[in-house]
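[1] I need the structure of the sequence given here:
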Amino acid sequence: MSRPVPVRGVIEGFYGPPWSHGARLDVVEFMAERRMNAYVYAPKSDPKHRDQWRDPYDVEEAARLGDLAAACASAGVRFGFAVSPGLDIDYGADTDRAALAAKLEPLLERGVDWLVVAFDDIPNRAGLAAEQVALVEWLVERVGGPRLTVVPTEYIGTRPSPYLSELGAGLASEVDVMWTGPTVCSPRIDGADARAWRAALGGHPLLLWDNYPVNDAVMASELHLGAYRGRTPDLTDEVDGVLLNPMIQPHASKVALATAAEFLGDPAGYDEAAAWRRAIDATAGPRAEPFGALARACADGPLMVPEQLVVHQLVGVVERALSDPDWGDRLEGLRDELTLLRSAERAYRDASEDPLAGELEPWLVQATREADAGLAALRLVQQVRPVATRDAAGVGRVAAPDAESAMIHAFAMLFAWTGARDGRVVVGGPRFALHPAVVQLDDGRAALDVGLAVREDASATDRLCRTALREYRAWTADASTDVTVDAAGTSVLVDSEGGFRADPAVAVLVTSGGATTRVAAPGAPPFRDVRLS
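    Numbers count the residues shown, from 1 in each chain. Here you go, the predicted structure:
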């Protein structure tokens, strides 16, 4: 059984440059159109949210937050305000409690009716839970009616701990508690995980702070453009809400938000692939085709391993086809995908009116570099194989690999590959990337899951370039200049210029050294080839 999640929306809780007011309003509108109903303001980069939590917002800042709350209310989206005092609060001190009240009460007067008190990302210690409970009890008495949610200091895992037991036992039953799943950015979360966490907290209402598609801190080189996935439908029966933590890039975050909205609204009927296509169209509009190529190359992250990327799968197709006479046909899928990926930068070059353009720029530049290197690798693969062209009448021309041409293509690939490897952002899988994969040990203590935290040597471009170099090296061990043409088991005469004629109804096999290429009529190699000029 699964149900639509009652509370579904966004928690702006990343470490990174804060969104503009206009971007927040745009995202609220986008969410509301997809029946998402909650937005929590909790950016770690707002000094007055965390580092300077005691400082009240000035009149202009408070008015802007009030405008955001009003815009949410107008769109049918509940607005929550979060404060994170845990770095240095004296939980029992009257002065700090007064500062907290002075911070929150003007916002309540401006229509904020949901408060989130965040105690995350601070050191744990004995007695901390009891002090936090006492502060929350005081706050409930002080502010009265607003909904109150707590982000605990221990917010990951599925096992009980002394801290969680004490916190759950002390908090009022109506106080929500947030949780990020088995780890900080959880690849998979199911109903059993949520039941275990709720039990560890004594049955409190549970909100999932889902750290996707967030790309802050150690993940800033990644752009998480993949669909929402890895959450089982039964999860929705165990949580009272799901709030997604978006990327530093608000408009690019819409891909994940739109797909999550479809899952959270109809978990059992969720079609990930179809939802992803709709989200790309909704996010990019007239540039959906090139943006889709970038999204396919940047779909990996906490919820997807790089090897599942389309470009990685197409590299696998090429690798498996290298001993196949139909290698040329097998190269075309990857050639076309890389060509489209290369077009993305050009599509956004003069799109100053599109807010996506600025957000995507580093990844668009890197996409061109990766595509250039990948296409150069495919050309090198072609250069160490015999090729032919044929017209509809079966008249053709054939050529064996040429040492000078192959060497020139090898250098071209190496130069393009060097450019790709100099890039600082991830497209087509990371060369080295980190994720904040904190998990619970069996006794409830926190630890780093190294397998989840570190991804290295997972670039599709590197994989393809190494494959091309292996093919080039293997060819240099043979480097035959002979070439033969065979049609249905019969040798075809080849003249001194490489010309030949064969029955157009029959595909010919062109052989040089240990490599064979099948060519239909009409037919040509995947790339224009100087050997056939």
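[2] Below-threshold pLDDT in the chain: ranges please.
    By pLDDT under 70, the weakly predicted segments of the chain are 1.
[3] how near is the residue nearest the centre of the chain to F30?
    Nearest residue to the geometric centre of the chain (CA atoms, centre = their mean): H224, 2.0 Å. Noted for H224: a distance of 17 Å to F30, by CB to CB, to the nearest Å. From N, CA and C alone the C-beta is placed, and that goes for glycine too.
[4] coming back round to it: how far away is the residue nearest to the centre of the chain from Q249?
    Taking CB to CB, one finds H224 at 9 Å from Q249.
[5] try I11
    From I11 to Q249 the distance is 16 Å (CB to CB).
[6] likewise L164?
    Taking CB to CB, one finds L164 at 34 Å from Q249.
[7] Could you do P152 as well?
    29 Å.
[8] what's the answer for D58, then?
    D58 is 28 Å from Q249, by CB to CB.
[9] A118 against L148, yeah?
    No. At 11.9 Å, A118 does not count as touching L148 under the criterion of CB atoms under 8 Å.
[10] Please say which of the two ends up with more neighbours.
    Just comparing A118 and L148: by other CB atoms under 10 Å the higher neighbour count belongs to A118, 27 against 19.
[11] For the more buried one, list each beta-bridge partner.
    Beta-bridge partners recorded for A118 (DSSP bridges): V151.
[12] OK, contacts around it?
    The neighbourhood of A118, defined by CB atoms under 8 Å, 6 or more residues apart in numbering, consists of 13, 42, 82-84, 86, 150-151.
[13] From the residues you listed, pick the one nearest G419.
    Among the contacts of A118, G13 lies closest to G419 (CB to CB), at 35.8 Å.
[14] Check which helices and strands the longest helix anywhere in the chain sits against.
    Counting residues, the longest helix found in the chain (DSSP state H) is helix 355-383. Contacts defined by 3 or more CB pairs under 8 Å, 6 or more residues apart in numbering; DSSP states H and E place helix 355-383 against helix 288-297, helix 310-321, helix 327-349, helix 403-421, helix 460-476.
[15] Sort out which residues of it are buried, please.
    For helix 355-383, the neighbour count (16 or more other CB atoms under 10 Å) marks 355-357, 359-360, 363-383 as buried.
[16] ok, for T368, nearest residue in space, not its chain neighbours?
    Nearest non-adjacent residue to T368, counting by CB to CB, 6 or more residues apart in numbering: E345, 4.7 Å away.
[17] Now do the same contact list for that neighbour.
    E345 touches 364-365, 367-368, counting by CB under 8 Å, 6+ apart.
[18] angle of the longest helix of the chain against helix 310-321?
    Angle, helix 355-383 to helix 310-321, by axes from the mean of the first three to the mean of the last three CA atoms, to 10 degrees: 10 degrees.
[19] Could you point out the helix or strand that follows helix 355-383?
    Per DSSP states H and E, the first helix or strand lying C-terminal to helix 355-383 is strand 387-390.
[20] what's that following strand in contact with?
    By CB under 8 Å, 6+ apart, strand 387-390 touches 328, 396-399, 485, 500, 502, 504, 508, 510, 517, 519-525, 529, 531-532.
[21] picking that back up, what is the nearest of the contacts of A118 to L108?
    Looking across the contacts of A118 and measuring by CB to CB, the closest to L108 is V83, at 12.2 Å.
[22] Give me the phi and psi for that closest one.
    phi -130, psi 140 (degrees, to the nearest 10).
[23] For it, give its distance to P56.
    11 Å.
[24] cool, and G76?
    Plainly put, G76 is 29 Å away from P56 if you go by CB to CB.
[25] if you count what's nearby, which of these two comes out ahead?
    Applying other CB under 10 Å to G76 and P56 shows that P56 carries more neighbours, namely 16 against 12.
[26] Please work out how many residues are found near V117.
    When neighbours are counted by other CB under 10 Å, V117 registers 21.
[27] ok, it touching P146?
    No. In this structure V117 lies outside contact range of P146 using CB under 8 Å: 11.1 Å.
[28] What's the local residue count around P4?
    P4 has 12 neighbouring residues, counting by other CB under 10 Å.
[29] I'd assumed E262 was in contact with it.
    No. In this structure P4 lies outside contact range of E262 using CB under 8 Å: 10.7 Å.
[30] Quick check: neighbours shared by these two?
    Contacts common to P4 and E262, judged by CB under 8 Å, 6+ apart, are absent.
[31] mind listing what the residue nearest to the centre of the chain touches?
    212-215, 247, 256, 298-299, 301-303.
[32] Which secondary structure element is home to it?
    Using DSSP H and E, H224 is not contained in any helix or strand.
[33] Distance check, it against N215.
    For H224, the distance to N215 - CB to CB - is 5 Å.
[34] Kindly tell me how buried the closest residue to L493 other than its chain neighbours is, as a neighbour count.
    Spatially, and ignoring its direct neighbours in sequence, L493 is nearest to F500 (6.5 Å; CB to CB, 6+ apart). F500 has 22 neighbouring residues, counting by other CB under 10 Å.
[35] quick one, what contacts F500?
    Shown in contact with F500 (CB under 8 Å, 6+ apart): 388, 395-398, 485, 492-494, 508.
[36] Now with 10 Å, please.
    Contacts for F500 (CB atoms under 10 Å, 6 or more residues apart in numbering) come out as 388, 390, 394-398, 483-485, 487, 492-494, 508, 510.
[37] Give me the sheet partners of the helix or strand where it lies and which way each runs.
    According to DSSP H and E, F500 maps onto strand 499-501. Strand 499-501 has the following strand partners under DSSP bridges: strand 395-399 (antiparallel).
[38] what's the angle between the strand it pairs with and helix 403-421?
    Using the same axes, to 10 degrees: strand 395-399 against helix 403-421 is 80 degrees.
[39] From here on, call the first residue 47.
    Understood, numbering begins at 47; the last thing we discussed is strand 441-445.
[40] which residues are in contact with strand 441-445?
    431-437, 451, 527, 529-531, 538, 540-541, 543-548, 550, 554, 556-558, 563, 565, 567-571, 575-579.
[41] phi, psi of the residue lying closest to L174 once chain neighbours are set aside?
    In space, L174 comes closest to T199 once its chain neighbours are excluded; the distance is 6.2 Å by CB to CB, 6+ apart. In terms of degrees, to the nearest 10, the main-chain angles of T199 are phi -70, psi -40.
[42] so what's the residue lying closest to D286 once chain neighbours are set aside up against?
    Of all residues beyond its chain neighbours, the one nearest D286 is P251 (4.6 Å), with distances taken as CB to CB, 6+ apart. P251 sits next to 52-53, 193, 195, 219-223, 244, 285-287 when contact means CB under 10 Å, 6+ apart.
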